[in-house]
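Asks: how does the following fold in three dimensions:
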Amino acid sequence: MKKIVSVISVFFILFCSFVPQSVCASAYTDVYSPEDFSDFHQEDLTLYASSAVLIDADSGRILYGKSADTPMANASTTKILTCILAIEEGSPDDMVTVSDYACSMPQVKLGFSSGDSFYLKDLLYSLMLESHNDTAVAIAEHIAGSVEEFAEMMNQKAEELGCRNSHFVTPNGLDGEDDGGDHHTTAYDLSLIMSYCIQNEEFLDITRTASAQISTVDGTKQFSLNNHNSLLEMMDGAISGKTGFTGKAGYCYVGACQSQSTEHVYVFALLACGWPNNRDYKWSDSRMLIQYADDNYSDQVLLTDGITMEIPCDGAVLVQNGHIFYPETLEAVSSDTVITALVSNRDEISIQYDLPACLTAPVEAGTAVGKEKVYLNHVLYAEREVLVTESADLYDFPWCFQWVVRVFYI
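Replies: Here you go, the predicted structure:
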């Protein structure tokens, strides 16, 4: 009986005498704030295009923009969205039968007749190499049943890809309007669509093809097709692209090119890039954008090894070599994932920490408790998890009881 009383007395003394005081009265502050770099200022490239954007396809970050979020008509650059939807929703061996409505489209057109049948894969070459407007409608009707239903698919896909200022009405980019407004997109939205498209090998195979021969399924009609994307021959590293023109949109272009110096893939879009007789402006603008990226951006490592930090913790207790400790902080470290980026000497880089003001025991080693975030020009670029490196028990009645039992009976 005396032994039991003794154990209880020891337990009571331990619990009352060594309860750690709260260390979490104030919020945890950032542990690392690098000195600001010079402010980022976009220089005027004197582009012909009224709207333009250049992005790094690997990360999605904008490298250059000129009215990049301004909604505008975009003509046949629309067909990259039509093409990727047809690839994803159809099969290359699908047989597409042409309707009267498809045959009624204006030039540029393949010139088939109502009732003609083609394999879908062949029509995709007609769509992307020669930019045939009748082909776009035939594909849309095959995939969705009608142009209107296909437009709904286009808008849904665009929204999924992050497009926020686009509305598609026609599968070929001809002017159109419905209850949602007129047919339009932005240079930035168009670049998001192209960045997605070039991840598809079938899309790349079609758009890289210099020429093709197609025919109706029965072989009674043959057609020769040539790729009108001259940038494939003009510029080393050109991967894919699509031209466009209407009287409203002017000359337009969306393309992708791998840099010969950084090996990054750049995606760019040009809207309202001249009207007749200035069809070559889009090529000079394209070259200027790629040259701008090569001259001003290089790969830099932003984060390498994980950074160690201390985070306040309430109610923690540790036992090491038989001794009891009540740590006021626990060690944590950010993951060692290497973060790199295309960076110019005018970019502002900052690192911020999203961490709890205080941890509450118990805490297990390896638990993610926050984020280490990298910002480029005040925009979140990448983040790494912050993990606790040591475990701690909660100092409470059950823990004290178990510890006393171990001391006296084990």
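
Asks: tell me which helix or strand residue 149 sits in.
Replies: In the assignment (DSSP states H and E), residue 149 maps to helix 147-160.

Asks: so which bits of that helix are buried?
Replies: For helix 147-160, burial by neighbour count (16 or more other Cβ atoms under 10 Å) applies to 147, 150, 151, 153, 154, 155, 157, 158. In short, each C-beta sits where N, CA and C put it, glycine included.

Asks: any idea of the mean pLDDT for the following helix or strand past it?
Replies: Heading C-terminal from helix 147-160, the first helix or strand you meet, by DSSP H and E, is strand 177-178. Strand 177-178 shows a mean pLDDT of 96.

Asks: who does strand 177-178 pair up with?
Replies: Paired neighbours of strand 177-178 in the sheet (DSSP bridges): strand 181-182 (antiparallel).

Asks: which residues does stretch 316-332 contact?
Replies: 18, 20, 23, 308-313, 355, 359, 361-363, 369-370, 386-390, 392-395, 399, 403 (Cβ atoms under 8 Å, 6 or more residues apart in numbering).

Asks: poorly predicted segments of the stretch 1-150 of the chain, please.
Replies: Applying pLDDT under 70 to the stretch 1-150 of the chain flags the ranges 1-43.

Asks: rewinding a little: taking the contacts of stretch 316-332 one by one, which sit in strands?
Replies: Per DSSP state E, strands hold the following members of those: 308-313, 359, 369-370, 386-388, 393-394.

Asks: okay, now residue 357: neighbour count?
Replies: 12 (other Cβ atoms under 10 Å).

Asks: center of this protein - which residue?
Replies: For the chain, the residue nearest the mean C-alpha position is residue 60 (4.9 Å; Cα atoms, centre = their mean).

Asks: can you tell me the helix or strand for the residue nearest to it when sequence neighbours are not counted?
Replies: Sequence neighbours aside, residue 195 is the residue nearest to residue 60 in space, at 6.9 Å (criterion: Cβ to Cβ, 6 or more residues apart in numbering). If you go by DSSP H and E, residue 195 is part of helix 187-197.

Asks: ok, residue 352 next?
Replies: In this assignment (DSSP H and E), residue 352 forms part of strand 349-354.

Asks: what's the answer for residue 346, then?
Replies: Using DSSP H and E, residue 346 sits within no helix or strand.

Asks: distance of it from residue 63?
Replies: Counting by Cβ to Cβ, to the nearest Å, the separation of residue 346 from residue 63 is 12 Å.

Asks: so if I had to pick from the two, which one is more boxed in?
Replies: Between residue 346 and residue 63, counted using other Cβ under 10 Å, residue 63 has the larger neighbour count: 22 against 14.

Asks: ok, residues contacting stretch 91-101?
Replies: Contacts to stretch 91-101, defined as Cβ under 8 Å, 6+ apart, come from residues 112-121, 123, 134, 137-139, 141-142, 147, 202, 217.

Asks: select only the buried ones of these in PyMOL?
Replies: Selection of buried members from the contacts of stretch 91-101 for PyMOL, criterion 16+ other Cβ under 10 Å:
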select buried, resi 112+116+118+119+120+121+123+134+137+138+139+141+142+147
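
Asks: this completes my enquiry, with thanks.
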